[in-house]
Structure formats: C-alpha cells, structure tokens
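**Q** Below are the sequence and a predicted model for it; my questions follow.
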Amino acid sequence: MPTVLETYIENRWMVQPNHSNHLGSTHGGNVLKWMDELGAMSAMRFAGETCVTARMDQVNFKRPIPVGDTALIEAFVYDTGETSVKVRLRVARENLRTGETESTAESYSVYVAVDEDRDPVPVPDVTAETDRGERLRQRALDGEANR
Ligand SMILES: CCCCCCCCCCCCCCCC(=O)SCCNC(=O)CCNC(=O)[C@H](O)C(C)(C)COP(=O)(O)OP(=O)(O)OC[C@H]1O[C@@H](n2cnc3c(N)ncnc32)[C@H](O)[C@@H]1OP(=O)(O)O
C-alpha cells in the first residue's frame, strides 16, 4: 500500500515573460496546466498506471505570481476510491533571492487510473504511516470538507 509521502512531489517553474499576462504576472492558464501535470505525476506514481484528470476542483487565485518569481507547486495523494485518486495541490510564489514563499492558489483534484483502452482500473488504498503523512492527509480531508 503506497504511503502519502511516497506520492509527494514538489516542482518549481521559473516564471518567464512568455508565461505572463499583460499585467506582468503568470497567466492563470499556465498555473492550471502546471498544477494538472504535477497532480497527474503524483497520481501515476501512486497508482502505477496512467491517470487522467476527471476533476479540477474550484481554484481560487489569491495572489499573482510576478515574472521573475518561482511558482512552487506541491502535490500528494490523500484519498482514493475504487479507481479514482484524490490529489491535494498547493501553489506558492517563491522569491528566488530570499527563498520567501507565499500561498497563491490551491485545489483538490481527482484523477482516474485507466488502462490502454482508457477504461478505469482499480487503485490501491493510500496509507499515512508517519506523523507527517497523517498530518498532510488529515489537513487535506478537512480542507476538502470545509470548502
Ligand atoms: C493509455 C491511455 C492514455 C491516456 C492519455 C493521457 C496520458 C496522461 C499522461 C499524463 C499527462 C498529464 C497531463 C494532465 C492530465 C490530463 O491532461 S488528462 C486529459 C484530461 N482528462 C481527460 O481527458 C479525461 C476524460 N474523461 C474520461 O476519460 C472519463 O470520464 C474517466 C475520467 C476515465 C472516467 O471514466 P467513466 O467511464 O466515466 O468512469 P466511471 O466508471 O463512471 O467512474 C470511474 C471513477 O471516476 C470517478 N469520476 C468520474 N468522473 C468524475 C468527476 N467528474 N469528478 C470526480 N470523480 C469522477 C468516479 O467517481 C469513479 O470513481 P471510483 O468510485 O471508481 O473511485
């Protein structure tokens, strides 16, 4: 049974002018794409199968990510169904010079494991195993319930 921490993936994108909108901050569509890709990687690492996005939950953009900052995104699996995998996604802007981060967006996404015919296939259960894993999972479950 895979653990929450085994599914934990963190990635950074350096925000370049070609990622920006006309206001000089990251275009929201780019942030959504990066979130979706990282979530799919986490789900696939967990399931050991191809995973496709079934749902991206409500995404609130709380702060912009200026060009020159880094978009820091983290993803981990916190719950499962028969064939579906729930992934918590959190985005922060990171100042490269200071390492300071501020939360900018978040989502609770659902991926579904599929076979070669794109039919859903079963996934294992996820286990917390460690205190940190349990904290991450519990916060995600609480956050999802309180949306
Ligand atoms: C070999 C193939 C290559 C594939 C190639 C892709 C390659 C991936 C590479 C990675 C790259 C990354 C990039 C980002 C990831 C994309 O971009 S994926 C592309 C965007 N997503 C899609 O195209 C998916 C389109 N939708 C579908 O194919 C089907 O609706 C799905 C999601 C497979 C579900 O199939 P279905 O026949 O409706 O299945 P159904 O039995 O009703 O439900 C199965 C499960 O899905 C859940 N579910 C279905 N719809 C929803 C929903 N809207 N909300 C929540 N749960 C849902 C059900 O609750 C159920 O859960 P369990 O109770 O089993 O846990």
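**A** Thanks, I have it. Numbering: from 1, shown residues only.

**Q** Show me what from the protein comes close to the ligand.
**A** Selection of the chain residues close to the ligand by Cβ under 6 Å from any ligand atom yields 36-37, 40, 50, 52-55, 81-84, 110, 112, 114, 116, 118, 120. Placement of C-beta: from N, CA and C, glycine included.

**Q** ChimeraX command to pick out the buried ones of those residues?
**A** Buried residues among the residues of the chain next to the ligand (16 or more other Cβ atoms under 10 Å), as a ChimeraX selection:
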select :36,40,50,53,83,84,110,112,114,120
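
**Q** Quick check, central residue of this structure?
**A** Closest to where the C-alpha atoms of the chain average out (Cα atoms, centre = their mean) is residue 89, at 2.8 Å.

**Q** wait, residue 62 sits on residue 92?
**A** No: when contacts are counted by Cβ atoms under 8 Å, residue 62 is not listed as touching residue 92 (10.2 Å).

**Q** give me the residue from this protein nearest the ligand.
**A** residue 81 (2.2 Å; Cβ to the nearest ligand atom).

**Q** quick one: secondary structure of the residue nearest to that residue when sequence neighbours are not counted?
**A** Distance criterion Cβ to Cβ, 6 or more residues apart in numbering; nearest residue to residue 81, sequence neighbours excluded, is residue 123 at 7.8 Å. What DSSP: H, G, I helix; E, B strand; the rest coil gives for residue 123 is coil.

**Q** what helices or strands is the host helix or strand of residue 73 leaning on?
**A** Element membership for residue 73 (DSSP states H and E) is strand 70-80. On a contact count with 3 or more Cβ pairs under 8 Å, 6 or more residues apart in numbering; DSSP states H and E, strand 70-80 meets strand 9-14, helix 28-47, strand 84-94, helix 131-145.
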